[in-house]
Each structure stands twice: as structure tokens, then as C-alpha cells.
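K.L.:
would you be able to build a 3D model of this:
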Amino acid sequence: MKTKTENNYTMREEIITNLENPRQLEKLYRDNQTAFKKAFRFIYPEIQGNTTAQIWNERLSFEQEEISWGTRKELIIVIVVSFIAGLIAKIPDFFSIDPEYYYPRNIGFIVFPMLAIYFAWKHQIQIRTIVIAAVAFLISALYINFLPNDAESDTLILACIHLPLFLWAVLGYTFVGDQFRNHSRRLNFLRYNGDLVVMTTIILIAGGLLSGVTLGLFELIDIKIEDFYFKMIAIWGLAASPILGTFLVQTNPQLVGKVSPVIAKVFTPLVLVTLVIYLCAVIYTGKDPYNDREFLLVFNALLIGVMAIIFFSIAEISKNINNKIGILLLFSLSLVTVVLNGIALSAILFRISEWGITPNRLAVLGGNILMLTNLLLVTNNLFKTLRYKNEIEKVEESIASFLPVYTVWTIVVAFIFPILFSFK
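P.N.:
Okay, here's the model as predicted:
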């Protein structure tokens, strides 16, 4: 299989070869827009005298000023899948199901299958990919809802936590479509998730303000609409917000195209400083992750959050390999995170050696080993990038190639752990 560097070189050659073949250039662009843009910008100084190259340069540099609402058909798709997402969220009300039973098991099915439907339609993926994704969603839904309802079961809780991660991976499989082995497409999926978080947060803030104003206005005329509003309107809005956010991100990339890099640039140094201070504070206060279970859980949650920031920042900074300060900050943040991961891993190994293996400890141990391995690869490649600028592609590869490994682990924890530990 070709490396990402080889793929980029091939893309550059393809562009140069097909400068007089508009149809093939358009096909190259539609097959992988990110790789095309990166390769084109790399070779443009060599071909800028060519009229076709000048036209493509203007096309790729053009920034749309007005918001696009897509085609009528796309709007209909978005409205339909948003409505279905709301219906799934309302199932406990329709069938008198205990919300405490329903939502922990099914929260992922409200959004991920609907987003998969949207991408399957938008990217026109093969029937085979659609069938595999549909079967994965169906089996997951049947499995999680037929697990024994034991509130004290650790494996049930682990399955409820890890199943949404598996559903997210199925969404990623649908997103990359027929280019599953293409690392650029996987990085595009990570970028999409970062942009979606930004856009959905904006939508939710706007929705919260609208809800506050609406409830306040009706309160002034002594009409109580809180129950009706939250049961019949707000829940549909919450379910639809990631779908609407996806639609806006896909049709208007310029909306968050400049926000995401700024967030990456601002949060990377802030998180780095915060982590260094936090580690010093942990040493000063004498907090012990080896014997304090709650502290270890918070420690691991912090680790996952920092990993997400690193991956998101790398996906953004890879667009500009000349940003040496940004790469240095990411390298430093990765080093500190390796230390954090090492502490967490040693703590869980200590707890296993002292009190034995439990589903929770084994799940945390596996997750920490995977994250540490991935972090070491990323850190090593970031160090190489500081020395040789063209190594940023290897950093991307170390992230993209590891995503299926995380997926396998979520499958093990969600589907195998309950059976392995007799649903305890």
C-alpha cells in the first residue's frame, strides 16, 4: 500500500499531467479535495504560467461570502433525517420507556445513523458500504438493548460508554466511503469533527438564547410552556443540531474554515501551560492516582480530552508546514501528555497488581496502552518534523493509521467484555 507521501507525489504528477484535461482534473479534485489542494499549492509556483493552473488557483483561493443553503434536495434530506433523529429521541415518550434505561443505551443512535445517511447520500457511496454500515448499526442497536438490565453491571456501563465510539467509527467508515485506506480521507473526517464541534456549539448557544427569550416572553403573559417546550421542541432541536451543523459545515466550509485554525492556535499553548501547572499542583498537593480511584478517572478523562485537542490541532496545522512554532508547541504538548499517560498507565497497573483485574481496570488499561503507543508515534514524528519540514505527513499517518485500532478496541470492550465477564 502506498504511503501518504507517495500518494501526495502521485497527486502532484497527476495534476501536472492533466493540466490540459479538465475532466480528469475535476475528477481528481472531487475524489480527494484536501490532497488536491495541498498538492496544487505545492506545485503552483512551477505551473503558474499555465492558464488552466491560474483558473484553478483562483477557484481554490476563492472565498464564498454568502451562506449557501445547498440544493432543495439536500435541504429535504437534512429536514427528514433531523425529524427522524427527533423521533428516535422521543421514543421513551411514545412507548412509556424508562428514560434512564433508554438514553444511556441509545444516545448514539439518535445522531450517528442519521449523519451516516446524509453522507451516504452526499458522497454517493457504494451499496456495499451502505449495507455494511446499516448492518453494523442494526446489530449494535439489537445488542445493546438486549443486554441484561443490571444497574450495578460494570460491563453494561462500559458497553454504553464505548458503543457510541464504535458508532462514531461506523460514521467515519461511511464518511470515507470507497476510500477507506486513504489516510487523507481519515484526516478529513477528523477535521470535519473539529468543525462540527465548533458549529454545533454555536447552534446550541443560539438555541439556548432563543429558548430563554421564548420562555421569558410567555412568562410575562402568565403562560407556562416549559413542559411543552422542552418535550416537544427543545428535544427535537438538540437531536437536529449536529445534523444541521454538518449541513452548514459541508455547504459552507468558509464558516469555520478560519475559526478552527484559530482555536487550534489558541488552545494548544493554553492547554500546554495548564497541564504543566496541573502536574506541578498534583505533586505539591500530594494527590495519589495510585490509590484514589476518582482522581484516576478524572485523570484519564483529562488525558482523552488532551489527546483530542492534539489530534484536532495536528489536522489543522498540517495545512501549514511552515508554522514551526505551532509544531514546537504541539511537540511539547505531546511530551507532557506522554508523561500524563505514563502516570495513568502505571497507576492502573498498580491497582491491577494490588486488587486484581476487573472489567473497568482492563478497559482503562487497554485504552491507556493504545493512547500511549499512538502518542509516542505522534511525538516521534513531530520531533522529526521540527528537523525536516516534510515529515508532517508522517504525523498525519500516525494518527490516521491508528483510528482502526481504536475502533477494534471499542468493539472488544462493548461487545466482548460483557460476555467475557458474564455480564457483571
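
K.L.:
low pLDDT regions in the protein?
P.N.:
1-9, 62-68, 70, 257-261, 315-323, 389-391 (pLDDT under 70).

K.L.:
and it, what are its domains?
P.N.:
Following automatic domain parsing, one gets these domains for the chain: 4-61, 72-253, 258-420.

K.L.:
reformat the ones you listed as TSV; add mean neighbour count.
P.N.:
Just so you know, the C-beta spots here come from the backbone N, C-alpha and C atoms, and that holds for glycine as well. Output for the domains of the chain, formatted as TSV (neighbours: other C-beta atoms under 10 Å):
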stretch	mean neighbour count
domain 4-61	15
domain 72-253	17
domain 258-420	17
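
K.L.:
without its sequence neighbours, what residue ends up closest to residue 85?
P.N.:
residue 239 (4.0 Å; C-beta to C-beta, 6 or more residues apart in numbering).

K.L.:
list the contacts for the one you found?
P.N.:
Residues in contact with residue 239 (C-beta atoms under 8 Å, 6 or more residues apart in numbering) are 82, 85-86, 88-89, 110-111.

K.L.:
likewise residue 333?
P.N.:
Counting by C-beta under 8 Å, 6+ apart, residue 333 makes contact with 268, 271-272, 275, 306, 309-310, 313.

K.L.:
and it, what element?
P.N.:
Residue 333 is part of helix 324-355 when elements are defined by DSSP states H and E.

K.L.:
re earlier: could I get the contacts of residue 333 as JSON lines with secondary structure and distance to residue 362?
P.N.:
Shown next, in JSON lines, are these (DSSP: H, G, I helix; E, B strand; the rest coil; distance: C-beta to C-beta, whole Å):
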{"residue": "268", "secondary structure": "helix", "distance to residue 362": "32"}
{"residue": "271", "secondary structure": "helix", "distance to residue 362": "29"}
{"residue": "272", "secondary structure": "helix", "distance to residue 362": "31"}
{"residue": "275", "secondary structure": "helix", "distance to residue 362": "27"}
{"residue": "306", "secondary structure": "helix", "distance to residue 362": "23"}
{"residue": "309", "secondary structure": "helix", "distance to residue 362": "26"}
{"residue": "310", "secondary structure": "helix", "distance to residue 362": "25"}
{"residue": "313", "secondary structure": "helix", "distance to residue 362": "30"}
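
K.L.:
list the contacts of residue 402.
P.N.:
Residue 402 touches 370, 373-374, 377, counting by C-beta under 8 Å, 6+ apart.

K.L.:
nearest to residue 394, of those?
P.N.:
Distance to residue 394 across the contacts of residue 402 (C-beta to C-beta) is lowest for residue 377, with 8.8 Å.

K.L.:
check which helix or strand covers that closest one.
P.N.:
Taking DSSP H and E as the criterion, residue 377 maps to helix 359-387.

K.L.:
next SSE downstream of that helix?
P.N.:
That would be, after helix 359-387 and using DSSP H and E, helix 392-400.

K.L.:
tell me the angle of that next one relative to helix 324-355?
P.N.:
With axes from the mean of the first three to the mean of the last three C-alpha atoms, to 10 degrees applied, the angle from helix 392-400 to helix 324-355 works out at 30 degrees.

K.L.:
angle of helix 392-400 against helix 359-387?
P.N.:
Using the same axes, to 10 degrees: helix 392-400 against helix 359-387 is 170 degrees.

K.L.:
re the thing from before, the contacts of residue 333: which two are farthest apart?
P.N.:
Using C-beta to C-beta, these span at most 13.7 Å, a distance reached by 275 and 313.

K.L.:
and residue 124, helix, strand or coil?
P.N.:
Here residue 124 is coil, with the state taken from DSSP: H, G, I helix; E, B strand; the rest coil.

K.L.:
how far away is it from residue 171?
P.N.:
To residue 171, residue 124 is 17 Å away according to C-beta to C-beta, to the nearest Å.

K.L.:
show the subsequent helix or strand relative to the top helix by length along the chain.
P.N.:
Assignment by DSSP state H gives helix 183-220 as the longest helix of the chain. Once helix 183-220 ends, the next helix or strand along the chain (criterion: DSSP H and E) is helix 226-229.
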